[in-house]
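S.K.: please work out how this folds:
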Amino acid sequence: MRAHTVQAPVPWMPSSTQDVLGVFGKRLTANLTETTTTMQSITGLSVALQANRAYAFRCVLYVNQTVAADGAQFDFDGGTATATTVRRHTLFFNGTGNLVAATAGTAGLADLSTDTVYASTAVTTDSESRTDGFILVNAAGTLIPRFSMEAVSTGVLTVYAGSYIVVWELP
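M.R.: Next up is the predicted model:
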């Protein structure tokens with residue numbers, strides 16, 4: 001077991017990366033909206049990863065879609081890091097806290113672009129997309145989640161401020 005020394009206080013700076021015991025992350029400070037099916041990077045949640053390192057991560061996106069038929073989709077292909085292995089599993093909770101979808105995403109592949117798609121009624125209330133994952137980084141770069149609508153009518157998909165990503169470096 002690795003021993004750590006922490007000097008108090010250790011502030012968690014709003015919207016900034018803070019390395020504390022090998023854990024770092026970011027939170028979104030302003031809402032983002034999307035009205036197309038073109039994936040948009042959530043740049044406020046960009047985290048830097050080093051080459052030849054293994055990481056676990058959790059990304060929580062608080063979202064709302066104004067039109068049920070438009071749905072939502074998410075992936076992690078907004079950054080520049082490349083991976084030899086990616087595993088991720090996503091749970092999607094509706095506004096009343098009920099689990100409405102669960103997906104395995106990519107498992108054991110190097111692909112960060114595989115979309116997690118939530119169709120129709122799952123996204124029409126204030127909802128939560130929670131992804132837990134593992135990434136073995138090949139080339140250093142950034143890990144950035146992306147989002148877009150699944151279909152387009154007249155809806156607006158919002159990712160709310162307070163959404164976050166946390167990353168742990170693994171031995």
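S.K.: who does the most centrally placed residue in the chain bridge with?
M.R.: Residue closest to the average C-alpha location in the chain (C-alpha atoms, centre = their mean): residue 59, at 3.7 Å. In this structure, residue 59 has the following beta-bridge partners (DSSP bridges): residue 131, residue 165.
S.K.: wait, it touches residue 144, no?
M.R.: No: proximity of residue 59 to residue 144 does not meet the contact threshold set by C-beta atoms under 8 Å, at 10.0 Å. Every residue, glycine included, has its C-beta placed from N, CA and C.
S.K.: what's the overlap in contacts for those two?
M.R.: Contact criterion C-beta atoms under 8 Å, 6 or more residues apart in numbering; residues shared by residue 59 and residue 144: 45, 76.
S.K.: related to what we said a few turns ago, tell me the spacing between the residue nearest to the centre of the chain and residue 52.
M.R.: 22 Å (C-beta to C-beta, to the nearest Å).
S.K.: count the residues that sit near residue 154.
M.R.: Burial measure for residue 154: 9 neighbouring residues, criterion other C-beta atoms under 10 Å.
S.K.: apologies, that question was intended for residue 36.
M.R.: Counted with other C-beta under 10 Å, residues neighbouring residue 36 total 10.
S.K.: my guess is it contacts residue 149, does it?
M.R.: Yes: counting by C-beta under 8 Å, a contact exists between residue 36 and residue 149, whose distance comes to 6.5 Å.
S.K.: right, and residue 66 touches residue 155 too?
M.R.: Yes: at 4.6 Å, residue 66 and residue 155 qualify as touching, with contact defined as C-beta under 8 Å.
S.K.: neighbour count winner among those two?
M.R.: The neighbour count for residue 66 versus residue 155, taken as other C-beta under 10 Å, is higher for residue 155 (22 against 15).
S.K.: now the more buried one. Nearest residue, chain neighbours left out?
M.R.: The spatial neighbour of residue 155 that comes closest, neighbours along the chain excluded (C-beta to C-beta, 6 or more residues apart in numbering), is residue 67 at 3.1 Å.
S.K.: ok, now which ones touch that neighbour?
M.R.: Applying C-beta under 8 Å, 6+ apart to residue 67 gives the contacts 124, 153-156.
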